[in-house]
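Chemist: got a structure for you, letters missing:
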């Protein structure tokens, strides 16, 4: 799937992804994946439903869903490059993704965010009911440990 909005293209084609650009943003700009190794980014993309935002030949945004395409999807690694923010690109990306055929009829859609609650609430996300039922294992600073080896 692909749509164009003004000078921007939104696509779910992995062939268009600029993996080096994605890695650079995630490893240096994001708060959630600082120092993530390139190989980890490649593996995460291979095993996810990915979306990109492009202007001319440049990747300016990205998001990926970890999903079984039947019951569950986790949204992660969402970003828009700083110089392309405040143009409604995040909203357009969310609209493009949320109606994707592979994400229809699922039982649960989840994400975690530090500061973008307002964006995601516009698309039906809200605080989890019964968060005490949720469990996880968090390995803090895992990429820093890997990069020092």
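Modeler: Perfect, I can see it now. Quick caveat, the model's predicted, so the values are computed rather than measured.
Chemist: ok, which stretches of this structure are strands?
Modeler: Listed in chain order, the strands of the chain (DSSP state E) span 2-5, 8-11, 49-55, 58-67, 72-80, 108-111.
Chemist: out of these, flag the one nearest residue 22.
Modeler: strand 58-67 (5.2 Å; CB to CB). Every residue, glycine included, has its C-beta placed from N, CA and C.
Chemist: okay, now the unreliable bits of this protein?
Modeler: Applying pLDDT under 70 to the chain flags residues 145-149.
Chemist: need the residue closest to the centroid of it.
Modeler: By CA atoms, centre = their mean, the chain has its centre lying nearest to residue 63, at 2.5 Å.
Chemist: the nearest residue to that residue once chain neighbours are set aside - how many residues pack around it?
Modeler: Nearest residue to residue 63, sequence neighbours excluded (CB to CB, 6 or more residues apart in numbering): residue 78, at 4.2 Å. Residues near residue 78, counting by other CB atoms under 10 Å, number 22.
Chemist: just residue 52 next, same as before
Modeler: Residues lying near residue 52 (other CB under 10 Å) number 23.
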